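Student: Build me a structure from this.
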Amino acid sequence: MNTCRNCWERIAESLIFCSVDCASTETEDIINKPNHYTNRGWIEPIDFIISNNMDFLEGSIIKYVYRYKNKWWIQSLEKARFYLDKLIEQEKDKKSIDK
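Tutor: Residues are numbered from 1 along each chain as shown. I've put the predicted structure just below:
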């Protein structure tokens, strides 16, 4: 099940909006406030990332996991895994240097 991008009603997987009327009221700012980042909670990933002083790899993991249900499901999770693997590799390298 999905939720309507406009009113949050539960809808079938194949739909984006619950009705034509609901779709017509949709106004998305795809540059500053894209729906796949703003329709899930009170904080956008970028604000969370910045407020927690995360680096590129950490921020990318957060971003792709946060949006996966709303944009490119499997691709987003694979991308998150890609960045997670890079972060693990980086941390292992740091450990070996510290020894």
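
Student: name the helices or strands packed onto the host helix or strand of E78?
Tutor: Element membership of E78, judged by DSSP states H and E, is helix 73-98. Where contact means 3 or more Cβ pairs under 8 Å, 6 or more residues apart in numbering; DSSP states H and E, helix 73-98 is packed against helix 56-67. (C-beta placed from N, C-alpha, C; glycine too.)

Student: Mind splitting the protein into its structural domains?
Tutor: 1-29, 31-98 (automatic domain parsing).

Student: rank those domains by pLDDT, which is bottom?
Tutor: Mean pLDDT per stretch puts domain 1-29 lowest among the domains of the chain, at a mean of 59.

Student: Assumed K71 was part of a helix.
Tutor: No: using DSSP: H, G, I helix; E, B strand; the rest coil, the assignment for K71 is coil, not a helix.

Student: what number of residues lie near it?
Tutor: Taking other Cβ atoms under 10 Å as the criterion, the count of residues near K71 is 14.

Student: And it, how far from F56?
Tutor: Separation of K71 from F56 (Cβ to Cβ, to the nearest Å): 19 Å.

Student: try K69
Tutor: Counting by Cβ to Cβ, the gap from K69 to F56 is 23 Å.

Student: more neighbours, the two?
Tutor: K69 (14 against 11).

Student: Look up phi and psi at the more buried one.
Tutor: Backbone torsions for K69, taken as degrees, to the nearest 10, come to phi -80, psi -20.

Student: Around the residue nearest to S60 when sequence neighbours are not counted, how many other residues sit close by?
Tutor: What sits nearest to S60 in space, not counting adjacent residues and going by Cβ to Cβ, 6 or more residues apart in numbering, is Y83, at 4.2 Å. Look at Y83: counted by other Cβ under 10 Å, it has 19 neighbours.
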